[in-house]
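A.B. asks: this one's structure only:
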């Protein structure tokens, strides 16, 4: 009979005392032991979040200014690529496509060969920083890239290869590496809050980068592109400085366990025993595609609607995108520090299916509000021929930001927690594809099918003027989007779907297996022991040995009592 034994224990020093720095210990199915801090966020995770913050600052700061730079808007003494708007936009789009494809390679590299930590360093040092250096160096004539004319060939190497390769590699691994710093059993609930904080950090970097870099570029583009290079270099130095603090999983190992309960000494392969299946994780992440189809409308359909609305001072439609990030920050803080802890105190664990449903429902509310705005645009134009204020769009951006907390950040979490132990980087790559890749492909198909709705009565496709917009039928497209996201609400609310999600997550939990032997712990200093400061560990100390969970046809928990 196949048996899996799940267990965890405490990190005991040679003197017999609990290691107060990293007192929690876990042994995986292959016999590898890892030690964990009681508060990984302040012990090691904050260094990973700093790296992610400055990486996102660098990415969005450069990304949002590339088209203007390549067309000469930020030129230094007429030294620039002199590309047309369409050529520049095409290069930037292709660079983005590469950045969202590379995570598959980064995930394989981390899972099979280098591990998370080394893969991050490999991506940053070999691709990201060199790419930023070439981009910065191209802003002025120099001996490296040429003194007579802009070296477009070298710039394309940086923009289409070095920079997106580095970004995609880091993107695939950094969130997985952060989540690995938490004990997979005792601190499993903390991973939920980590992914909310991780997604907040992404948006902080994006907002600050999109504000600072374009402003500096207007004055000095060389200085603007030097800032991301220097800050990312500082982030890497801080990241490496904390190397001894990290939990670094060994890559490429088969997940097997030699169970003491098997009398014939037969090795049991976890791959053969009700393990988490990668295809299930991919299907699970795909459940938020309806919400992500809504999310990717922010730079497209929302811009079309906002273009025929009246600016509020210097605030125009593109400026409102910052509200999405600010909403993520505010709602993320509330959810991670108040809402989830409140539910935990009440003994409530919000199921993943409910989170996805809630995120989609909030997304549906954003689209419903856009339909109201659409009605106001047409009503005001029919009444007076005037435009309404662009601020009417603000609630839609805020609602989508709130929905991201329950949809996208949760998808990051389950891609980590529900994936096989040796496939987490690759699972994250699939999740990124479902966030930024497939939804954009779906949207491109929708644009083509609904092209007639974006034309005026004479068939003109440019509806940037309010008169032409009033003759189009953009509202029908918003109705279609509403139907798509409501479908997401319904699917994720189905009991069968929620139960299936729970079964996938349960298999992942049971796959955390190891040998059942562990020393008994006798606390010497009572409440002064670091473990006793965390309530969830008291039970394990009182029971002597920690819980042994035996898996056969059914699962039961047994506690070895002290004699």
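C.D. replies: Looks like it came in fine. The shown structure was predicted, so the numbers you read here are calculated from the model rather than taken from an experiment.
A.B. asks: only C-alpha atoms from now on, for both contacts and neighbour counts.
C.D. replies: Noted.
A.B. asks: which residues does residue 316 contact?
C.D. replies: Residue 316 is in contact with 306, 310, 390, counting by CA atoms under 8 Å, 6 or more residues apart in numbering.
A.B. asks: the second one and residue 391, how far apart?
C.D. replies: Using CA to CA, to the nearest Å, residue 310 is found at 9 Å from residue 391.
A.B. asks: ok, back up a step: turn the contacts of residue 316 into JSON lines, including distance to residue 67 and pLDDT.
C.D. replies: Formatted as JSON lines, the contacts of residue 316 follow (distance: CA to CA, whole Å; pLDDT from 0 to 100):
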{"residue": "306", "distance to residue 67": "21", "pLDDT": "85"}
{"residue": "310", "distance to residue 67": "25", "pLDDT": "90"}
{"residue": "390", "distance to residue 67": "25", "pLDDT": "89"}
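A.B. asks: who wins for neighbours among those?
C.D. replies: Counting neighbours by other CA atoms under 10 Å, residue 306 comes out on top of the contacts of residue 316 with 23 neighbours.
A.B. asks: that residue reaches residue 389, doesn't it?
C.D. replies: No: at 9.0 Å, residue 306 and residue 389 do not qualify as touching, with contact defined as CA atoms under 8 Å.
A.B. asks: that older thread, which one of the contacts of residue 316 is nearest residue 492?
C.D. replies: Set against residue 492, the nearest of these by CA to CA is residue 306 (31.1 Å).
A.B. asks: so what's the residue count around the closest residue to that closest one other than its chain neighbours?
C.D. replies: Setting aside the residues directly before and after it, residue 306 is nearest to residue 317 in space (CA to CA, 6 or more residues apart in numbering), at 5.0 Å. Other residues within reach of residue 317, judged by other CA under 10 Å, total 23.
A.B. asks: could you check the pLDDT of residue 317?
C.D. replies: Looking at residue 317, its pLDDT is 75.
A.B. asks: same question for residue 174.
C.D. replies: As summarised for this prediction, residue 174 has a pLDDT of 92.
A.B. asks: residues in contact with it?
C.D. replies: By CA under 8 Å, 6+ apart, the neighbours of residue 174 are 48, 52, 116, 120.
A.B. asks: in terms of helices and strands, where is it?
C.D. replies: Counting by DSSP states H and E, the element that carries residue 174 is helix 163-179.
A.B. asks: next one: that helix to chain centre, how far?
C.D. replies: 10 Å (CA atoms, centre = their mean, to the nearest Å).
A.B. asks: likewise stretch 188-202?
C.D. replies: Computed by CA atoms, centre = their mean, the separation of stretch 188-202 from the middle of its chain amounts to 9 Å.
A.B. asks: what does stretch 199-211 give?
C.D. replies: Relative to the centre of its chain, stretch 199-211 is centred 13 Å away, using CA atoms, centre = their mean.
A.B. asks: residues contacting the residue nearest to residue 306?
C.D. replies: 302-303, 306-307, 309, 311, 390.
A.B. asks: can you pull out the strands in this structure?
C.D. replies: Secondary structure of the chain, counting by DSSP state E: strands at 4-6, 9-10, 24-27, 33-36, 256-257, 268-269, 548-551, 555-558.
A.B. asks: phi and psi next, for residue 37.
C.D. replies: Backbone torsions of residue 37, given as degrees, to the nearest 10, read phi -80, psi 160.
A.B. asks: contacting residues for the closest residue to it other than its chain neighbours?
C.D. replies: Closest residue in space to residue 37, ignoring its immediate chain neighbours: residue 22 at 4.1 Å, by CA to CA, 6+ apart. For residue 22, the contacting residues are 11, 35-38, taking CA under 8 Å, 6+ apart as the criterion.
A.B. asks: closest one of those to residue 283?
C.D. replies: Residue 283 lies nearest to residue 36 out of the contacts of residue 22, by CA to CA, at 30.9 Å.
A.B. asks: what bridges to that closest one?
C.D. replies: In this entry, residue 36 is beta-bridged to residue 24, by DSSP bridges.
A.B. asks: you'd agree residue 252 is up against residue 108?
C.D. replies: No: in this structure, residue 252 sits apart from residue 108 without contact. The criterion is CA under 8 Å, and the distance is 9.5 Å.
A.B. asks: between the two, who's got more neighbours?
C.D. replies: A count of neighbours by other CA under 10 Å puts residue 108 above the other of residue 252 and residue 108, at 24 against 16.
A.B. asks: so how far is residue 372 from the residue nearest to that one when sequence neighbours are not counted?
C.D. replies: Taking CA to CA, 6+ apart, and ignoring the residues beside it in sequence, residue 108 has residue 426 as its nearest neighbour in space, at 5.8 Å. The span separating residue 426 from residue 372 equals 41 Å under the rule CA to CA.
A.B. asks: residue 90 too?
C.D. replies: According to CA to CA, residue 90 stands 34 Å off from residue 372.
A.B. asks: what of residue 251?
C.D. replies: Residue 251 is 52 Å from residue 372, where distance means CA to CA.
A.B. asks: turn the contacts of residue 316 into CSV, columns for distance to residue 432.
C.D. replies: Compiled in CSV, the contacts of residue 316 are given as follows (distance: CA to CA, whole Å):
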residue, distance to residue 432
306, 28
310, 35
390, 31
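A.B. asks: circling back: just the contacts of residue 174 now: which is nearest residue 231?
C.D. replies: Nearest to residue 231 among those is residue 52, at 11.3 Å by CA to CA.
A.B. asks: the closest one - how many residues pack around it?
C.D. replies: Residue 52, neighbours per other CA under 10 Å, totals 24.
A.B. asks: now the helices for the stretch 401-550 of the chain?
C.D. replies: All helices of the stretch 401-550 of the chain, identified by DSSP state H, counting those that start in this stretch, fall at 424-432, 438-449, 466-471, 474-493, 495-510, 535-542.
A.B. asks: ok, which of those comes nearest residue 203?
C.D. replies: Of all the helices of the stretch 401-550 of the chain, helix 424-432 sits nearest to residue 203, with 15.5 Å by CA to CA.
A.B. asks: much appreciated, bye for now.
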